[in-house]
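Student: A predicted structure for the sequence below; I have some questions about it.
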Amino acid sequence: MLWLKHHGIINVANYVLNSIDLDQTVANLMVTARNDGYTQGYTECTQHVNNALKVDWNDSR
């Protein structure tokens, strides 16, 4: 149980956070929101992504 607590949970969390499926889903969600004209929601989502992933997404569109 101790190994699972210190290694297993971390591995599961890292797998989810680094998942290509998650990246594609978030990207599709952002593109759909932008295309539907939800500029404020898109900007807020972009800020969350930038903060969480320490990246600088281009939200100029």
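Tutor: On my side now, so go ahead.

Student: low pLDDT regions in the chain?
Tutor: Within the chain, the segments meeting pLDDT under 70 span 37-39, 41, 57-61.

Student: let's see 50
Tutor: Scanning the chain for pLDDT under 50 picks out nothing.

Student: where do the strands sit along it?
Tutor: For the chain, applying DSSP state E gives no strands.

Student: for it, just list every one of the helices.
Tutor: Under the criterion DSSP state H, the chain contains helices at 2-3, 9-17, 20-35, 39-53.

Student: what about dumping the CA coordinates of the third one to CSV?
Tutor: Backbone C-alpha positions of helix 20-35 (Å, rounded to 0.1, in the frame of the first residue of the first chain) are rendered in CSV as follows:
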residue,chain,number,x,y,z
ILE,A,20,-2.6,12.4,-26.0
ASP,A,21,-6.3,11.8,-25.7
LEU,A,22,-6.6,14.5,-23.0
ASP,A,23,-4.6,16.9,-25.1
GLN,A,24,-6.8,16.3,-28.1
THR,A,25,-10.0,16.6,-26.1
VAL,A,26,-8.9,19.9,-24.6
ALA,A,27,-7.7,21.2,-28.0
ASN,A,28,-11.0,20.2,-29.6
LEU,A,29,-13.0,21.9,-26.8
MET,A,30,-11.0,25.1,-27.2
VAL,A,31,-11.4,25.1,-31.0
THR,A,32,-15.1,24.4,-30.7
ALA,A,33,-15.6,27.2,-28.2
ARG,A,34,-13.6,29.6,-30.3
ASN,A,35,-15.5,28.7,-33.5
